[in-house]
Each structure stands twice: as structure tokens, then as C-alpha cells.
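**Q** predicted model follows, preceded by the sequence.
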Amino acid sequence: MADAFLISSPVNRDDQFSGRWLITSATIGVILVGIWYFVSRMVKGLKSRGGATAASSLPPGPRGLPIVSYIPFLMYNGKNIPLHRKFTHLAAQYGPIFKIRVGSQLHVVVSSPALAKQVLRDNESAFSSRNLPLAIRVWTYGGLDLSCLPMSQDWSFMRKVVLRDVLSNPSLDRCYELRRREVVKALRELVRSGSRKPVGVLELANKMVANATMAMTWGGRDDDGDVDNEEARRLCEEGMALMEKPNVSDVFPLLARFDLQGIGRRAAEVAGRFDRIITSMIQKRFDGKGSLIMERKEDGREVKDLLQVLLENRERSSGAGSPLASITQFKALLLNITPGGTGMVATVIEWAMTELLRCDRAMTNVKRELDDVVGLENLVEDHHLKELKYLDAVVKETFRLHLTVIQREAVQPCSIGGYAIPKKAKVMVNAWAIHRDPRLWEEPTEFRPERFLDSNSDFVYIPFGSGRRMCVGVNLATRLLKYVLASLLHSFDWKLPAGEGGSTVDVSDEFTLIIKKKKPLTIVPTPRLSCPDLHA
Ligand code: HEM
């Protein structure tokens, strides 16, 4: 009865309708909230696992200003903090993956081994390109060298030629005599210039490494005196300085055609002069002038420079559609060897000397090892390097502390750490931060070569990058670096100028293309070998 009454009453019918409506809405609401909760949990789970989903949100990051984006905060950040340190501070705030806008470009910075692996290895095809400064592209005939070319058949062919033939261990053995001559010549000049005079370590190392590299590259002919190596070295240094300069054209590509700072024009001038040097050298080889020094006088071992190796390879493969058939492409590849890593190797030598001067224990250990393995009556030779385990650890520890930010560009959209990385984004792996992360390294800011005597750390340690675009110069760089550093440490005792103590050595740094010492290291050498005539 009561029910019939309720049904027949219009007022009660409305009440009943609104009651049902409420129940239905509440049910739909609960279902929607449930779906939202389920989906958000799922996305969160995938993000935390770093799953490669089709993520839709960009990484977090600081906001910039209209048009000028984040540039003012990077350039004028109050304390003039260099870029690699600024990135490390931002990672502490936003996490191991964050984004910033620099001009019209999106930059994504990653600072953990897991994310570095996702960029450099797991998704290496997506991050296979580099967006390098305009001055580098000008210097490399419009981006024809190995570091600029996108991953392609030509790139893969040339990389194989370099790794298998040109910079392989047997090839570096064959040009040892050429680099040795330059290193011994520099040591001799230093002995003759008299001790107790302060020497700029970077300048000295640059000269030794550049002369040794040029000798290895094209010094294997008896008419190599025709080539003005001093001019070639100066041009490489000028070229490097232009590549390191911040350029508006790089951050606002639309303005590139105006070349507002004139960097492109100056790079073209310097590259043009350097091109004339290498063209004339290659021409001489084609003309067959001068004879190749094919034997070491002392033991009859074969000597062959890298240009010769490259030319022989070109001749062998020219019928097979080799990209090296193009003389411009050939010269671009030659550039990878010549100025390629010279500056980088010299910079690491300066950092190693700096750290050794600040750490008596490491300096004593490295000298003791040199005395045991090489002896005071001998000069360091290439064959000693394998036995110099502590020196090897010193070099590795220097790489750990003072390198580097690895740059790649996304050639297709991808997801990293659960975030969307759009095509054309510039992705930077802050290896400097990974190499100093207290969760990965004990006493991370301490110079302790001993940590490398018995350890092997995969993505925790990446001074030469990783994957198919990893540095092709690893062999040459490490052999030359150890040879020059060991020779300097073995032939001389190095002291700070009067009044300066080890703990006062300045270690402030700056970010250019590489991480450099802000204040050059100047120290005083004293010859220490029992017979200084060894350098004669
Ligand atoms: C201390 C010395 C050096 C260091 C620390 C160093 C480091 C690096 C790094 C981090 C990369 C990027 C790798 C990546 O993207 O995963 C690279 C690429 C490269 N390096 Fe080095 N490098 C050094 C010396 C050299 C030398 C001496 C040469 C030449 C003989 C050289 C030639 C190259 C080339 C051609 C590439 C580009 C490879 C490609 O994209 O396929 N490097 N290097």
C-alpha cells in the first residue's frame, strides 16, 4: 500500500527519480575514479620501471623566459657556474632526466647510468645523430666527417676503415717511431731550455700531442719538411677555439644565415687554409714525390704513416663504391685523425698533472712504478705502457673526474625513463655527474687512482661514450696520452712555483666543448734521469 501511494504521488515520483539519478551518478563517478586510479597507477609503474611506452609527457624542468628561453639562466647564473655543474644542480632539483629550452631547441639532460644506457645503447638508433656547432660543420666540409654524418652505409664503411685499418693497434705500432721522434724532441728542448723556468702544461702538452699526431698522420715521407706543421697546428688551434665559442646561430638556427658573430665566416677561412695544406700533401702522394720511410733504422721494423694506410685502403676499395673515392670525403676522414682529439688529449694531460701535484701519494706511486719498469737510465717506450698499471689507473681516474657531457640528437620520437623525447631534441648524457655520483662512487670527489686497479664499471664509467657511435679514437687517445704523460713524469720532477703548495692548486673548471681547467697550470721542471743525453 505504502508503495502504491508513493508511486501514485507526483512529488514522490520526482524524489524517486532524483534518488536513482544520484545512485547512477555515484556509480559512474566511482567507476571513473576507479579507471583514473588504475590508469595513473599503471603509467606511474611504467615510468618508474623506465619502460619504453609511448609516453606523452615531456620530462620535468625549469621554465624559461619567452624567446630567450633558459639561456639567461645558463649564462648569467649569479655565480658563473659552468654548464656541467649547472646541469648537476638541476638534476638534484628535477631528477635524473629533465628538460630545458635553449633558444628554439629542446634539450634533455640525463644523469644516471640506467638512463645513459637507454640513450646510448638500448635506443641507439633513435639517438644516432649529433647536432654539432656550425663551426664544426664548416670545418668538416659541411658535416662529412665521422662525428657529424648520420648513421648510414657511408658512415659505417668509414668507421670500419678507421677502426680496423687506420687506428688499430698494429697500425699504431707501425707509426710509433714517428710519434716517438716528436716526443723525444720536445723533451730534449725542455732539458736544453734549462730547469727552474715555469712551463705552461697545457701549451706544452698541446704542442707535443699535435706534433706527434701530425707526424703519425703524414710524417712518413722523407720530404715531410715541406709541410709547415707549425702553421697546421696553429690553424687547428684557431679552428678549435671557434668551435668552442658559443654561437647564436647554433641556438637559433633560423638566424644561422646571418652569421651574426662572424664565427661561420672565420671558421671557413681557417678551414680553407688548413684544406690547402692537406690537399697539397695528398697531391704529393698521388704524384709519388719523396720516398716513404718504410723501415726503422735500428731494428728494421716497418714504419708507415696513417695517410699512407688510408690511401692504400682507398686504392683497394675504390672499385667497390667506397665513399672514400670522393676526395672531399677522404679529406673529411683525415680530419678526424688530425685535429680530432688533439685538444682533448692535451687537456686530460693537464688535469692529470694537476691532480698528481695535489696528491703526493699518487705522485710517489706513479714515479716509483716508472723507475721500476723503465729505470732512470732509459726513456719511456711504447712497450713499457702495458706494464704501467698505476699510470693506467691515474689516467682512468683523471677521465672520471674531468670528463664530459656526451651529446646526441633524437632522429625519431622516443621515450626515455617514461618521458616523451620528441624528434630533433638534443639529448645530453651528463657523464661528469655520473662519474661523481656519491651513490656510485666512494668519496667521489677524491683523486684515488687505486679504485681502478681492480674494478670494472659498465655504464657507471663512460669517458668515451658507448654503443655504435662510441669514440673511434680510444686506442690512439689512450696510447698517446699515456706515452706523453709517462715521458713527462719520468724525465722531469715537476714542482709548483715557489710559494705555492699542492693543496692550493686551482681546480676550477669551465665548459666549452670539453671540460677545461679555468686557470692554466704552470709548473717548474727539473731533469731527473741519470743521463740527460738520453734525449739527444
Ligand atoms: C682523451 C681523448 C678523447 C676523449 C675523452 C674522447 C671522447 C669522445 C666521446 C665521449 C665521443 C662521443 C661518443 C658517443 O657519442 O657515445 C667521441 C666521439 C668521437 N671521437 Fe673521441 N675522444 C678522445 C679522443 C679522440 C681522438 C684522438 C680521436 C681521433 C683520432 C677521436 C675521434 C672521435 C670521433 C671520430 C668520434 C665520433 C664517432 C662517431 O660518431 O661515429 N677522439 N669521443
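**A** That came in fine, so what should we check first?

**Q** what number of residues lie near R265?
**A** 11 (other Cβ atoms under 10 Å). (C-beta placed from N, C-alpha, C; glycine too.)

**Q** wait, it touches F258, no?
**A** No - between R265 and F258 there is no contact under Cβ atoms under 8 Å: 11.0 Å.

**Q** which bits of the stretch 351-500 of the chain sit near the ligand?
**A** Proximity of the stretch 351-500 of the chain to the ligand (Cβ under 6 Å from any ligand atom) is limited to residues 403-404, 406, 408, 463-467, 469-473, 476-477.

**Q** tell me which element N475 is part of?
**A** helix 474-491 (DSSP states H and E).

**Q** what are the buried residues along that helix?
**A** Neighbour counts using 16 or more other Cβ atoms under 10 Å place 476-491 of helix 474-491 among the buried residues.

**Q** of those, which is the nearest to the ligand?
**A** When these are compared for distance to the ligand (Cβ to the nearest ligand atom), A477 wins out at 3.7 Å.

**Q** give the contact list for that closest one.
**A** Applying Cβ atoms under 8 Å, 6 or more residues apart in numbering to A477 gives the contacts G341, M344, V345, F464, C471.

**Q** quick check: it vs L379, distance?
**A** Distance of A477 to L379, computed by Cβ to Cβ, to the nearest Å: 21 Å.

**Q** and H107, bridged to which residues?
**A** When bridges are called by DSSP bridges, H107 pairs up with I100, K426.

**Q** can you tell me which residues in the stretch 101-250 of the chain are near the ligand?
**A** Residues of the stretch 101-250 of the chain lying close to the ligand (Cβ under 6 Å from any ligand atom) are L120, L146, S147, R159.

**Q** mind putting those in a markdown table, pLDDT, neighbour count and secondary structure included?
**A** Formatted as a markdown table, those follow (pLDDT from 0 to 100; neighbours: other Cβ atoms under 10 Å; DSSP: H, G, I helix; E, B strand; the rest coil):
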| residue | pLDDT | neighbour count | secondary structure |
| --- | --- | --- | --- |
| L120 | 96 | 24 | helix |
| L146 | 94 | 22 | coil |
| S147 | 92 | 17 | coil |
| R159 | 95 | 19 | helix |
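
**Q** stretch 197-211: which residues count as buried?
**A** Buried residues in stretch 197-211, counted by 16+ other Cβ under 10 Å: V199, V201, L202, L204, A205, N206, K207, M208, V209, A210, N211.

**Q** of those, closest to the ligand?
**A** Taking these together and measuring to the ligand by Cβ to the nearest ligand atom, the closest member is V209, at 8.7 Å.

**Q** wait, H535 sits on N378?
**A** No - counting by Cβ under 8 Å, H535 stays clear of N378, with 11.5 Å between them.

**Q** neighbour count for those two, which is higher?
**A** A side-by-side neighbour count of H535 and N378, using other Cβ under 10 Å, places H535 first with 20 against 15.

**Q** neighbours of the residue of the stretch 301-450 of the chain at minimum distance from the ligand, just the number please.
**A** The ligand sits closest to G341 of the stretch 301-450 of the chain, with a gap of 2.3 Å, by Cβ to the nearest ligand atom. Applying other Cβ under 10 Å, we find 24 residues neighbouring G341.

**Q** you'd agree it is up against G473?
**A** Yes - judged on Cβ under 8 Å, G341 makes contact with G473 at a distance of 4.6 Å.

**Q** contacts only, for D165.
**A** Contacts of D165 by Cβ under 8 Å, 6+ apart are S171, V309, L310, N313.

**Q** which element is the second one on?
**A** Right, V309. Secondary structure assignment for V309, by DSSP H and E: helix 306-317.

**Q** pLDDT value on L357, please?
**A** For L357, the pLDDT comes out at 95.

**Q** can you name the helix or strand that it falls in?
**A** In the assignment (DSSP H and E), L357 maps to helix 342-358.

**Q** who does that helix touch, helix- and strand-wise?
**A** With contacts taken as 3 or more Cβ pairs under 8 Å, 6 or more residues apart in numbering; DSSP states H and E, helix 342-358 sits against helix 201-218, helix 229-244, helix 360-373, helix 389-402, helix 474-491, strand 515-517.

**Q** now these as CSV including mean pLDDT?
**A** Converted to CSV, the helices and strands packed on helix 342-358 look like this (pLDDT from 0 to 100):
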stretch, mean pLDDT
helix 201-218, 93
helix 229-244, 90
helix 360-373, 97
helix 389-402, 96
helix 474-491, 97
strand 515-517, 92
